[in-house]
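1. Here's a sequence, model it:
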Amino acid sequence: MPQISHEPDVSQQTPALRARFATLHWVRYPAIRTADELPLDEHPADGLSWKFGPDGPIGPDGARLPSEVWCGVALFRDEASARSALAARARFVPQLAETVESWHALLLALAHRGECNHLDTVQPGPIFDDSRHDPGGPLVVLTTAGFILGPGFDVQRAIAFRRDVDRVKEWMRSAPGLYGAHSFTPITRGDDGVTMSVWADDAAMASVMYRPGVHRTQIDRYKSEHTADRTSFTRCRALETCGTWNGADPIERARSRAGGMRT
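-> So this is what the prediction gives:
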């Protein structure tokens, strides 16, 4: 896969700079798209980070293979920049006008734990500051997982971890209170993979993800075996959404608690 860099210049940022807001983007093209078929040089204005990649099967290098479904997450320090980016999403989401369906959300980070390399590839650390205000409503969860590349990098370890991510998603498919989930590997080599899920509320997520089962087993394995080099977990609220996914807005479906998960 091409080694493409489309990050904003963060050379003047201090290591302590973190995001408070994010925009999330799910797009479905009419057919499988590869990285070399998409214009990937643009990024959101005033964004701290922009990651975009396919939600396909795991390839031999540990990254996800091309797919008709691609996902993106952009990070922002202030709400105004995030809202502007959401409104101008066609400028940086590749070939948005050609998608058969897309869904986008402005997220406020409520609680963040762990480490990710989306703001600093040299010294990964926390990427969000927690919000002191919770507007309530459906829950959006962002999780990341990454590996240290270099002479000791074991690609089979990355492949095994991401296959376990897919096993968890399959196990979650009929979970009550879940209204969508996707995972993607950014097209820039070495960037931490992202999984996103939409839940009716915090209690619905906790009742599924922390009870005995496939996900709880993977959490325990990570703690005991260090199946990845770093992970992060962020709880978010959606402040604004637009578009549809499988014919409806997942946040609106979550508010009504109608229907089951469709990805």
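
2. can you name the farthest residue from the center of the protein?
-> The C-alpha centroid of the chain is most remote from Pro151, which lies 27.4 Å away (C-alpha atoms, centre = their mean).

3. Spit out the contact partners of that one.
-> If you count contacts by C-beta atoms under 8 Å, 6 or more residues apart in numbering, Pro151 has none. Where C-beta positions appear, they are placed from N, C-alpha and C, glycine not excepted.

4. what's the pLDDT at it?
-> Pro151 is assigned 89 on the pLDDT scale.

5. Next: Ala80.
-> We have a pLDDT of 98 for Ala80.

6. ok, now which ones touch it?
-> Residues near Ala80 by C-beta under 8 Å, 6+ apart: none.

7. again with Gly243
-> Taking C-beta under 8 Å, 6+ apart, one finds 101-104, 249 in contact with Gly243.

8. Are any of those buried, and if so which?
-> Burial by neighbour count, judged by 16 or more other C-beta atoms under 10 Å, picks out 102-104, 249 from the contacts of Gly243.

9. coming back round to it: for the residue farthest from the centre of the chain, what are phi and psi?
-> Dihedral pair for Pro151: phi -60, psi -30, per degrees, to the nearest 10.

10. my guess is Leu65 meets Ile58, correct?
-> Yes. Leu65 lies in contact with Ile58 (C-beta atoms under 8 Å); the separation is 7.4 Å.

11. Let me see the ranges of the strands in the protein.
-> Along the chain, the stretches classed as strands by DSSP state E are 21-33, 49-54, 67-76, 101-114, 139-146, 178-184, 193-199, 230-243.

12. Ala31: neighbour count?
-> Per other C-beta atoms under 10 Å, the neighbour tally for Ala31 reads 9.

13. Test my guess that it contacts Pro66.
-> No. Ala31 lies out of contact with Pro66 (C-beta under 8 Å); the separation is 10.0 Å.

14. so what's the residue most central in space within the chain bridging to?
-> The chain has Val194 as the residue nearest its centroid, 3.8 Å off, counting by C-alpha atoms, centre = their mean. Beta-bridge pairing for Val194 (DSSP bridges): Thr144, Phe184.

15. So, low pLDDT: which residues of this structure?
-> Within the chain, the set of residues satisfying pLDDT under 70 comprises 1-16, 214-225, 258-263.

16. in it, which helix has the most residues?
-> Scanning the chain for the longest helix, with DSSP state H as the assignment, gives helix 155-172.

17. Sort out which residues of that one are buried, please.
-> In helix 155-172, counting by 16+ other C-beta under 10 Å, buried: 157-159, 161-162, 164-165, 168-169, 172.

18. Closest one to Arg20 out of those, please.
-> Val165 (26.2 Å; C-beta to C-beta).

19. Surely that closest one is in contact with Thr185?
-> No. Under the criterion of C-beta under 8 Å, Val165 makes no contact with Thr185, lying 10.2 Å away.
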